[in-house]
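K.L.:
No sequence on hand, only this structure:
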């Protein structure tokens, strides 16, 4: 399957959106060539603000721009975008509901070589906890483009986490993205796998493996981590015998937790989560090595499904 | 207005703002008297003379923007907004109460408040963002940010200081309320930051140091800042924390202090006496 860059989709979308809306401005902290916000700089230099390596200043400056009527997007590596500027996001952006769009780029293990300090395993989980914040995690470049339009249409703060590596395209070109809406990637009857970001790809591959063993797994793309619509979850678990979740993030407070929160008292089904245990990452020579080491491959997801269904 | 008359009027306004702050703190409740009182003259100049504000349309795009980075001094800003008619006077009594409008720190829910501040060190960055937006819009509006001196230890503030210079923001004027006392004591003892004026100059700012209780000085500094091109201006206000109430002046306990009935009465009497003295002087002009 053809792989495409989510980062390029981000940068190109900024340019496209910036063309139709002069209020869109972009801030960056010296990583524009990684996040691809540099594409916007080339076309609209007067609306591009290089903030230096100063993420706190960047977050609050974005808030100031938003409160003065602009639609600022700021981007840098996910660890810094959310973590270095946490209180600036909380006080300056989330409390007033400022119309700031935050892009946490190179999320999860996708910055494989840089190790623990640069691998963001908790960004979306933490952002979920902040009132007023919408949290998005696209599974491919096509979805990223659609999300960018939805982010501009949405009045208020949004956090989007984007992988550094190219990912296979699973979502269709047609149609618009609606915040909160889930989508079916693979249809199936026995078990539902709720996956987000890169794990949509791995879950789709897991469904293939399971099919060979006679297990019919449905894969649902949960690209809006917040707000999580309970009705959507209930729709997809109807008739299934088990629930599995898959995320390239710590299990604490992420997609699996969020779905479990919604289902407390609602259903009595086996529930298994695939995600990163309560630990930091490590440097590796490839992204694939890390997915293998931390239990995030199609085999791990297929095994989780079998555990949930109690089959060997 | 003739300058002397304007100065007298703004002096009276400053005293009235202090009265409002004292009224909000009331008897037996803690409130940030010290850092509110030290700003009374600056607030009088900015809100009642220098800034374009619009109480009927608080979001009027042509207004100037004011940000209180030292958000704990919200009471002095509430006093100014109330005197200008941004919200009814009854709200002053309900400050920090469950069903009141006025939060403990500045909040966008209050008409006339431009941003959420109070987590220290963030106001100047917010101001940089607004100044950039206004410049993109080719607006004549200016941004005014008031910082504390204790707050100067926040690293983000220096990020913003660099950003404002990098972007050549001459539509941004910052004030530093150098009242020399912070939450747990005298700033020189708690966390000494020597030569603040030199630091700001070294960061590339135009720096003006004045007596922060001298209306004439503040008026002149605001005008001087407007004339500076290609860089932002910092006005360092040499102030007395708790100014206007003798026993609370330069007293760390009144950073966030409580007035008992006797102290409250004495404080109000002192402020009323200042008002009366200014009235008498006005008649003599």
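P.N.:
Noted; the coordinates are in hand. Everything numeric in this text was worked out from a predicted model, so none of it was measured.
K.L.:
Run through the residues that contact the closest residue to chain B within chain A.
P.N.:
As assessed by C-beta to the nearest C-beta, chain B sits closest to residue A:64 within chain A, at 2.1 Å. Quick note: C-beta positions are derived from backbone N, CA and C, even for glycine. Contacts for residue A:64 (C-beta atoms under 8 Å, 6 or more residues apart in numbering or on different chains) come out as A:92, B:115, B:125-133.
K.L.:
how long is stretch A:176-185 from one end to the other?
P.N.:
Its first and final residues considered, stretch A:176-185 spans 16 Å by C-alpha to C-alpha, to the nearest Å.
K.L.:
oh, I was asking about stretch A:173-183
P.N.:
13 Å.
K.L.:
Can you tell me the SS state at the residue of chain A closest to chain B?
P.N.:
Local secondary structure at residue A:64 is given as helix here, using DSSP: H, G, I helix; E, B strand; the rest coil.
K.L.:
re the thing from before, would you format the contacts of residue A:64 as CSV with secondary structure and distance to residue B:104 included?
P.N.:
Compiled in CSV, the contacts of residue A:64 are given as follows (DSSP: H, G, I helix; E, B strand; the rest coil; distance: C-beta to C-beta, whole Å):
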residue, secondary structure, distance to residue B:104
A:92, helix, 17
B:115, coil, 15
B:125, helix, 21
B:126, helix, 18
B:127, helix, 21
B:128, helix, 25
B:129, helix, 24
B:130, helix, 23
B:131, helix, 27
B:132, helix, 29
B:133, helix, 28
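K.L.:
returning to that earlier point: once you drop chain neighbours, what's closest to the residue of chain A closest to chain B?
P.N.:
Excluding its sequence neighbours, the residue lying closest to residue A:64 (C-beta to C-beta, 6 or more residues apart in numbering or on different chains) is residue B:129, at 2.1 Å.
K.L.:
Wait, the one you found touches residue A:62, no?
P.N.:
Yes. The pair residue B:129 / residue A:62 is scored as a contact, 6.3 Å apart, by C-beta atoms under 8 Å.
K.L.:
Return every residue with contacts to both of those two.
P.N.:
Common neighbours of residue B:129 and residue A:62 (criterion: C-beta under 8 Å, 6+ apart): residue A:72.
K.L.:
Adding neighbour count and pLDDT as columns, could you present the contacts of residue A:64 in TSV?
P.N.:
Rendered in TSV, the data for the contacts of residue A:64 read as follows (neighbours: other C-beta atoms under 10 Å in any protein chain shown; pLDDT from 0 to 100):
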residue	neighbour count	pLDDT
A:92	31	98
B:115	31	97
B:125	32	98
B:126	33	98
B:127	34	98
B:128	31	98
B:129	35	98
B:130	32	98
B:131	29	98
B:132	28	98
B:133	24	98
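K.L.:
Test my guess that residue B:121 contacts residue B:161.
P.N.:
No. Proximity of residue B:121 to residue B:161 does not meet the contact threshold set by C-beta under 8 Å, at 10.8 Å.
K.L.:
So the closest residue to residue B:40 other than its chain neighbours: helix, strand or coil?
P.N.:
The shortest distance from residue B:40 to any residue that is not its chain neighbour, by C-beta to C-beta, 6+ apart, is 4.0 Å, and that residue is residue B:14. At residue B:14 the chain is in helix, as set by three-state DSSP.
K.L.:
Show the contacting residues for the spatially closest residue to residue A:167 that is not a sequence neighbour.
P.N.:
Nearest non-adjacent residue to residue A:167, counting by C-beta to C-beta, 6+ apart: residue A:140, 5.1 Å away. Residue A:140 is in contact with A:4, A:6, A:167-171, A:200-201, counting by C-beta under 8 Å, 6+ apart.
K.L.:
Likewise for residue A:216?
P.N.:
With contact taken as C-beta under 8 Å, 6+ apart, residue A:216 is in contact with A:188-191, A:210.
K.L.:
ditto for residue A:72
P.N.:
Applying C-beta under 8 Å, 6+ apart, one finds that residue A:72 lies in contact with A:24-27, A:62, A:65-66, A:99-101, B:129.
K.L.:
which residue sits closest to the residue in the stretch 151-285 of chain B positioned nearest to chain A, ignoring its sequence neighbours?
P.N.:
Of the residues in the stretch 151-285 of chain B, the one nearest chain A is residue B:159, at a distance of 3.6 Å by C-beta to the nearest C-beta. Excluding its sequence neighbours, the residue lying closest to residue B:159 (C-beta to C-beta, 6+ apart) is residue A:57, at 3.6 Å.
K.L.:
do the same with residue A:255
P.N.:
Nearest-residue entry for residue A:255: residue A:247, 4.2 Å, with adjacent residues in sequence omitted and distances by C-beta to C-beta, 6+ apart.
K.L.:
so that neighbour makes contact with residue A:196?
P.N.:
Yes. Under the contact definition of C-beta under 8 Å, residue A:247 touches residue A:196, with a separation of 5.1 Å.
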